[in-house]
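Trainee: For reference, the sequence and a predicted model appear below.
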Amino acid sequence: MKIREAAHDMKLAAPILASTTIGQRNGALKKIAKALEDHKAEIFEANKKDMDAAEKNNIAAAVKKRLKYDEGKLRDGIAGIEQLIELPDPLGKLSLNRQLDENLILKRVSVPIGVIGVIFEARPDALVQISALCIKSGNCAVLKGGKETVETNRILFKIIYDSVVKAGLPEGCLLQAELHNEIDELLTCDGDIDLLIPRGSNKFVRYIMENTKIPVMGHSSGICHIYLDKDCDMKKAIPIIVDAKIQYPAACNAVETLLVNRNIAKEALPEIAEALTGSGVKLRGTEEVSELISCEIMAEDEFDTEYTDLIISIKLVADVKEAVEHINRYSSHHTDSILTENAEAAEYFMNLVDSAGVYHNCSTRFSDGYRYGFGAEVGISTGKLHARGPVGLEGLVTYKYKLFGSGQIVGDYASGKSHFHHKDI
């Protein structure tokens, strides 16, 4: 079946999935968690095929780390599902209960977005996270993963889909797209697909945004910063900087630029450089930085670079104000952190940096739905409409208004026969 036809059928199935109980949806998640454990040997075998293909095609080491689906990632995925099961039902939440007039009651309740298309990078664990979140939030989903993990994605989707159907959810609630040309077909499904969430490179996300009429939620890059203030605690700061760069350099929340207060640079930079280079990180910095440590000299207009690798940019700034100005100019508005023991500087940074995540004395790598307790995420949104930051259950619901009457007509209110009194109840 073509994507357009499947998306149309899915649009019809969406209200049925939306009307399921939390017990039914949690039951499906429990079946998925058990099936992942029961079929892990098949999953690992499929992943080995993908890894062998990556090796043959000379895929970069940072990318291969994403492709790998091992026991650790399986455990994390199951733990995320179990965490998700424990979260309250995001549907049916009452956010407005107002009496417009006698026996005329208006309620605003949370409902699923409907049909979501998620196009994600070559990370098998992303397929598990996204599927689970969509099921819990009552959304139908079209899933398109990267071609580099086609074998792993195929077995994971089959396990998840079979579990969902066995749990009694609609057969048309999940669909896997595998072919690259299906992405362009997916982009034409306005009217049937309510939201697209692309995860990938800046260029890829921009392509999606510019070639569809469907609303798009996501982030086009992850240029994250750490500002080392003159009042920092270096014992805290160095492990944070190293963690933010090396813990997972290919992730969108890995730090790409380090801003150092000029007042402490002479003492602090050599120590930081030693820690970073000792962890395999390549240093790039301005000419001013190169006078203090050994690094590749970079130009000012290169600070909008997302490396997703063991490389970091370094610049000296006069104070927290200049740091904030640099971040707001070059940041992708993803996640930025200040390292300081000065409460006033921290407050200024936290209030003035215009990003989805602003941190104080901790690694940018904490920007993650699982770490936030969301039971994983469908992606990170750097936009400001509807959802921002790691998008969990709350970002996958919208609301509808339900008006309960007893024969009222607008004409009576226009004529003055009846009157609104708008009383919250």
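Mentor: Thanks, I have the structure now.

Trainee: use CA for all of it now, contacts and neighbours both
Mentor: Will do.

Trainee: neighbouring contacts of the helix or strand where residue 64 lies?
Mentor: Per DSSP states H and E: residue 64 is located in helix 61-67. Outside of helix 61-67, the residues within contact range by C-alpha atoms under 8 Å, 6 or more residues apart in numbering are 47, 50-51, 54, 122-124, 148-149, 249-250, 308-309.

Trainee: Between those, identify the one with the most neighbours.
Mentor: residue 124 (29 neighbours; other C-alpha atoms under 10 Å).

Trainee: ok, that residue - contacts?
Mentor: Counting by C-alpha under 8 Å, 6+ apart, residue 124 has contacts 67-69, 145, 149, 152-153, 156.

Trainee: And the pLDDT for the residue lying closest to residue 250 once chain neighbours are set aside?
Mentor: Nearest residue to residue 250, sequence neighbours excluded (C-alpha to C-alpha, 6 or more residues apart in numbering): residue 308, at 4.1 Å. pLDDT, residue 308: 85.

Trainee: same check, this time on the one 4 residues further on
Mentor: We have a pLDDT of 98 for residue 312.

Trainee: Output the helix or strand encompassing it as PDB, nothing but the C-alphas.
Mentor: For residue 312, the host element (DSSP H and E) is strand 311-317. Provided in PDB are the C-alpha atoms of strand 311-317 (Å, rounded to 0.1, in the frame of the first residue of the first chain):
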ATOM      1  CA  ILE A 311      36.100  18.600  18.400                       C
ATOM      2  CA  ILE A 312      35.300  21.800  20.400                       C
ATOM      3  CA  SER A 313      35.400  25.500  19.700                       C
ATOM      4  CA  ILE A 314      36.900  27.800  22.300                       C
ATOM      5  CA  LYS A 315      36.500  31.600  22.700                       C
ATOM      6  CA  LEU A 316      37.300  34.100  25.500                       C
ATOM      7  CA  VAL A 317      34.700  36.600  26.700                       C
END
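
Trainee: OK, contacts around the residue nearest the centre of the chain?
Mentor: Centroid-nearest residue in the chain: residue 379, 2.0 Å away (criterion: C-alpha atoms, centre = their mean). By C-alpha under 8 Å, 6+ apart, the residues touching residue 379 are 197, 199, 218, 390-391.

Trainee: ok, 10 Å please
Mentor: The contact partners of residue 379, by C-alpha atoms under 10 Å, 6 or more residues apart in numbering, come to 118, 120, 126, 129-130, 197-200, 217-219, 368-369, 388-392, 395.

Trainee: what about it, distance to residue 342?
Mentor: Distance, residue 379 to residue 342, by C-alpha to C-alpha, to the nearest Å: 33 Å.

Trainee: for residue 134, same thing?
Mentor: Per C-alpha to C-alpha, residue 134 is found 42 Å from residue 342.

Trainee: The two: which has the busier surroundings?
Mentor: residue 134 (26 against 12).

Trainee: moving C-terminal of the helix or strand where the more buried one lies, what's the next helix or strand?
Mentor: Counting by DSSP H and E, the element that carries residue 134 is helix 124-136. Scanning forward in sequence from helix 124-136 by DSSP H and E, the next helix or strand is strand 140-144.

Trainee: ok and that following strand relative to helix 124-136, angle-wise?
Mentor: With axes from the mean of the first three to the mean of the last three C-alpha atoms, to 10 degrees defining the directions, strand 140-144 sits at 170 degrees from helix 124-136.

Trainee: Direction included, what does strand 140-144 pair up with?
Mentor: Taking DSSP bridges as the criterion, strand 140-144 forms sheet pairs with strand 115-119 (parallel), strand 174-177 (parallel).

Trainee: Reformat the ones you listed into TSV and put distance to residue 183 next to each item.
Mentor: Formatted as TSV, the strands paired with strand 140-144 follow (distance: least, C-alpha to C-alpha, whole Å):
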stretch	distance to residue 183
strand 115-119	8
strand 174-177	8
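
Trainee: Quick one, which of those strands gets closest to residue 363.
Mentor: The closest of those to residue 363 is strand 115-119. By C-alpha to C-alpha, the value is 27.4 Å.

Trainee: Any idea how far the closest one is from the middle of the chain?
Mentor: 13 Å (C-alpha atoms, centre = their mean, to the nearest Å).

Trainee: can you dump the C-alpha coordinates of that strand into CSV?
Mentor: Extracted as CSV, the C-alpha positions of strand 115-119 are listed here (Å, rounded to 0.1, in the frame of the first residue of the first chain):
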residue,chain,number,x,y,z
VAL,A,115,-1.4,11.1,13.0
ILE,A,116,2.2,11.9,13.4
GLY,A,117,5.0,11.2,10.9
VAL,A,118,8.4,10.8,12.4
ILE,A,119,11.5,10.7,10.2
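
Trainee: That one: which residues count as buried?
Mentor: 115-119 (16 or more other C-alpha atoms under 10 Å).

Trainee: List the buried residues in stretch 326-345.
Mentor: Buried residues in stretch 326-345 (16+ other C-alpha under 10 Å): 326-328, 330-340, 345.

Trainee: cool, and stretch 4-14?
Mentor: Result for stretch 4-14 [16+ other C-alpha under 10 Å]: buried residues 4, 6-8, 10-11, 13-14.

Trainee: which residue ranges form the helices in the stretch 201-350 of the chain?
Mentor: With DSSP state H, counting those that start in this stretch as the criterion, the stretch 201-350 of the chain has helices at 202-210, 234-246, 265-278, 287-290, 320-330, 343-352.
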